[in-house]
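Peer 1: Starting from these lines, generate the structure:
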Amino acid sequence: MTAGQPRVPLGSLSEVESRLVAAGRRGVELVCGTARPDELSGGRDGAHVIRAELIRELLLGRFGELDPRGVRVRGARVTGVLDLSYVRTTTGLHLIGCWCEQPFVVRGARLPRLHLSASHVRELVGDGLRVDGNVRLDEGFTATGNGAGGAVGLVDAHITGALRFDGARLANDSGPALDADRLRVDGGMFVRDGFTAVAAGERGAIRLLDARVTGPLELDTARLANDSGPALVADGLRVDGGMFLGDGFTATGHSARGTIVLRGAHVTGALKFDTAQLVNSRGLLLDLLDVQAGSVFLPAGVVCPSGADTPAACAVPTSTVDLDGLRYTALGAVSWQQWLHLVRRHTTAYRAGPYQQLAAVRRAAGHDGDARDILIAQQEDLRARGRIGGRFATVVHWLWGALAGYGYRAGRLALALLVVLALAGDMGWWAGHTATGPGRHAAQHTTSSATPGAACSTLEQIGLGIDRGLPLGSTGIRTYCDLDTTSPAGQWFTLAIWILQTLVWALATLAVAGYTGLVRKIT
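Peer 2: Residues are numbered from 1 along each chain as shown. Sure thing, here's the model as predicted:
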């Protein structure tokens, strides 16, 4: 030890540890060997072994000033707990291809960067960690955990650069693989290239509750698995870029909460599930309750393979999604008919919101006819799965749909009204041709006419039926041509026309209500 050099706090250093101290001062990488991390796990070669405590002492400056490029080690076996709790340093830490046999703790620490690419740690505890640059847990990084804290814990951590998990493998047999509630990442989060998370429990394989990612959140080709809970739980997540769960993304869960739970999440860009494979032995695949997204790419085949090209298929759904409160401006990779199929056949219960949102998007695109078809389908689903009332209310609702398209087919109702009035006219003609005695008919001239008791003309008979059928107003024809209510036939015709008149009343009421409702809904 040269004059003026700080006293060594760890006693004698091994040859490789001395080299590490020198490398840290010069800002060069210490290469201990080319063995893989799993090969280092059982090795006792002193040329690869570095005590975790030495790394802590280096970062604390107890071996003198370090180069700004930081402590960089490749191919080492780090012994003991690497505890950097609450350490604040201006030099970064790179452990590349290393094996850390004990937990790596950076709780509350502040570092300029942290790279653990291709390394293995027993557990990474980083709650409250602050990194002013990038964090790389990628290129084959592995972490194993055993408990509620996660194989990797980043609760309340803040990373101003990018967070990379590409190609990482995380496993926890009694808790989450990644526990990152309230995590904040300012440079994008990348969980791709064969990333694997295997976990257990209702807390989920990956947790991102109330996390915020400025930039994209990419999980393409990632694989998440949890045999006793959700695969991804991210309620309240906010992503200021797009969120991508496609190109081979797979998620397997076993939970009534769903495989992917994104309740209340807000994605400014696209929310994409292209080619994703979602599995849940308990049914619910996606919980998108109250999610907001710029656009949604959810191919129908992700939820219903047999209904991907035929929206009428899947009469009995085998998997479900919760779309209530989902807000979006556009749909991609799916037609509106296929999305309607998902809403009708693959949601757990009737909700008005998914229909209203889809109709609003189609209307905004200038397709009012599609919007009407969607809202009619909503009413049909309301009758099938919702609450209308008793049997009478259900029948009335069905009639309203059959005759008026629930107010969205006013033309159909007007046609029905004309048909009923035509029937009333036919009834008047029939009464005028029904004899009730010698020279007498169920409809004939009244005593106010010039020829009392004489048969009405064909035009008068039809006009009488229409006049009788009209609920309001009168053509005046009944002053000289009317039904003979003194005869049984005349009484029966009177009763029949009253029934038609009641039906006209009902149709007219529906027409007014339907028209005003249609104007209100379409505008």
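Peer 1: would residue 428 count as being in a strand?
Peer 2: No - going by DSSP: H, G, I helix; E, B strand; the rest coil, the assignment for residue 428 is helix, not a strand.
Peer 1: Regarding residue 38, what is its secondary structure?
Peer 2: The three-state assignment at residue 38 reads helix, by three-state DSSP.
Peer 1: okay but it is in contact with residue 120, surely?
Peer 2: Yes - with contact defined as CB atoms under 8 Å, residue 38 reaches residue 120; the gap is 7.3 Å. Where C-beta positions appear, they are placed from N, C-alpha and C, glycine not excepted.
Peer 1: Common neighbours of these two, please.
Peer 2: residue 99 (CB atoms under 8 Å, 6 or more residues apart in numbering).
Peer 1: Have a look at the two and say which one is more surrounded.
Peer 2: residue 120 (24 against 10; other CB atoms under 10 Å).
Peer 1: which residues sit in contact with the more buried one?
Peer 2: By CB under 8 Å, 6+ apart, the neighbours of residue 120 are 37, 38, 41, 98, 99, 100, 141, 142, 143.
Peer 1: Phi first, then psi, for the last one.
Peer 2: To tie it back to what came earlier, the one meant is residue 143. phi -150, psi 140 (degrees, to the nearest 10).
Peer 1: The residue nearest to it when sequence neighbours are not counted and residue 161, how far apart?
Peer 2: Distances taken as CB to CB, 6 or more residues apart in numbering place residue 151 nearest to residue 143, at 4.2 Å, with adjacent residues excluded. For residue 151, the distance to residue 161 (CB to CB, to the nearest Å) stands at 22 Å.
Peer 1: Compare the two and say which is more crowded by neighbours.
Peer 2: With neighbours defined as other CB under 10 Å, residue 151 and residue 161 compare such that residue 151 has more, 29 against 18.
Peer 1: quick one, helices of the stretch 301-450 of the chain?
Peer 2: 336-345, 352-364, 368-385, 391-404, 410-432 (DSSP state H, counting those that start in this stretch).
Peer 1: which secondary structure elements does the last one contact?
Peer 2: It stands for helix 410-432. helix 391-404, strand 443-445, helix 458-469, helix 488-522 (3 or more CB pairs under 8 Å, 6 or more residues apart in numbering; DSSP states H and E).
Peer 1: which helices and strands sit right next to the first one?
Peer 2: Looking back up the chat, that one is helix 391-404. helix 368-385, helix 410-432, helix 488-522.
Peer 1: These: which one's closest to residue 296?
Peer 2: Closest approach to residue 296 among the helices and strands packed on helix 391-404 (CB to CB): helix 368-385, 15.7 Å.
Peer 1: Just the CA atoms of that closest one, as CSV, please.
Peer 2: Provided in CSV are the C-alpha atoms of helix 368-385 (Å, rounded to 0.1, in the frame of the first residue of the first chain):
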residue,chain,number,x,y,z
ASP,A,368,-74.1,6.0,-38.2
GLY,A,369,-75.7,2.8,-39.6
ASP,A,370,-73.1,0.7,-37.8
ALA,A,371,-73.7,2.7,-34.6
ARG,A,372,-77.5,1.9,-34.8
ASP,A,373,-76.8,-1.8,-35.4
ILE,A,374,-74.5,-1.8,-32.3
LEU,A,375,-77.1,-0.1,-30.1
ILE,A,376,-79.8,-2.5,-31.3
ALA,A,377,-77.5,-5.4,-30.3
GLN,A,378,-77.1,-3.7,-26.9
GLN,A,379,-80.9,-3.8,-26.3
GLU,A,380,-81.0,-7.5,-27.4
ASP,A,381,-78.3,-8.3,-24.9
LEU,A,382,-80.1,-6.3,-22.3
ARG,A,383,-83.1,-8.5,-22.8
ALA,A,384,-81.0,-11.7,-22.8
ARG,A,385,-78.6,-11.0,-19.9
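Peer 1: May I see the buried residues of that helix?
Peer 2: Of all the residues in helix 368-385, those buried under the rule 16 or more other CB atoms under 10 Å are 370-383.
Peer 1: same thing with stretch 440-456?
Peer 2: For stretch 440-456, a neighbour-count test (16+ other CB under 10 Å) marks 440, 441, 442, 443, 444, 445, 446, 449, 455, 456 as buried.
Peer 1: rewinding a little: nearest to residue 203, out of the buried residues of helix 368-385: which one, please.
Peer 2: Looking across these and measuring by CB to CB, the closest to residue 203 is residue 381, at 34.0 Å.
Peer 1: Look up how far residue 489 lies from the residue nearest to residue 469 when sequence neighbours are not counted.
Peer 2: Nearest residue to residue 469, sequence neighbours excluded (CB to CB, 6+ apart): residue 424, at 2.9 Å. Going from residue 424 to residue 489 by CB to CB gives 17 Å.
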